[in-house]
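J.: Provided below for reference: sequence and predicted model.
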Amino acid sequence: MNAKTIPDDKKSQHLQYMDLEKWGWKDQPAEHSPLQWTYVEAALAADGLIDGDDLTWDPIQWTHSVAVTVDGKHYPANEADYENVFNIHCSTILAFDNHAPQGERLKAQGLTPDQVAPLSRWSDVVGLTWINACEDREEVQILGFIMQVEITSADSNTVIGNFMPGGKFANLPPWPGATFLVDAPEKENQKAFNTILGSPNGNGIAW
């Protein structure tokens, strides 16, 4: 599916960077960078994204920490947080530590889904941050890579594990791991691509 075939009611309604503040999000420099981790550095170097002295990485953490009232409806702070590392020069985002306002995390806050601010998806928050990072350019830099660092979602790990030897996530090979393509000649490979894309760690990337 590409942008031209997405129904209007499925497209993001949040197109301005200022919308993040409007809906209760606050940003701050991330406390630590995954570039300190040797295995992440090895993966990035293998893809030709860093040379060891790249200082253009920008770790940013967004937290939904401000209660807001918009159009007469109150939305409490839900403490969702998204920590990612951006590099427009390498067309890359490292998805590092991301917790959406849903499931048990939302229940722990004593909130219900209808109390979550409409601007809450990882894809919206990160997408607006990327657009803002490109503000000094004549046009938005096309995003080339999104790397998920340390997937902790049990659902995502189960989905990925289903396509590993023995059906276990633990059997995922060391980097560069396994490759699944949308246009792979093998039907099972295509199935794996589409299924993993629908996992909690995949669907935000798709959108």
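T.: Okay, I see it. Just so it is clear, the structure is predicted and the values come from calculations on it, not from any experiment.
J.: could you chop the chain up by domain?
T.: 3-150, 153-207 (automatic domain parsing).
J.: roughly how far does Lys22 sit from Thr129?
T.: 15 Å (CB to CB, to the nearest Å). C-beta: built from backbone N, CA, C; applies to glycine.
J.: ok, and for stretch 184-200, which residues are buried?
T.: Of the residues in stretch 184-200, 189, 192-193, 196, 199-200 count as buried by neighbour count, 16 or more other CB atoms under 10 Å.
J.: please state the offset of it from the chain centre?
T.: Remark: stretch 184-200 is offset 19 Å from the chain centroid, using CA atoms, centre = their mean, to the nearest Å.
J.: give me the contacts around the strand or helix carrying Asp155.
T.: Assigned by DSSP states H and E, Asp155 belongs to helix 154-161. Around helix 154-161, the neighbours that count as contacts under CB atoms under 8 Å, 6 or more residues apart in numbering are 151, 167-172, 195-196, 198-202.
J.: out of the residues you listed, who's nearest Gln115?
T.: Pro200 (20.8 Å; CB to CB).
J.: the closest one: what's it in contact with?
T.: Residues near Pro200 by CB under 8 Å, 6+ apart: 153, 155-156.
J.: can you do 10 Å?
T.: By CB atoms under 10 Å, 6 or more residues apart in numbering, the contact set of Pro200 is 98, 100, 102-103, 122, 151, 153-157, 159.
J.: tell me the secondary structure for Lys26?
T.: strand (DSSP: H, G, I helix; E, B strand; the rest coil).
J.: which strands and helices lie in contact with the helix-or-strand element of the chain with minimal mean pLDDT?
T.: When each helix and strand of the chain is scored by mean pLDDT, DSSP states H and E, helix 38-46 comes last, with a mean of 73. Helix 38-46 sits against strand 92-99, strand 145-148, with contacts defined as 3 or more CB pairs under 10 Å, 6 or more residues apart in numbering; DSSP states H and E.
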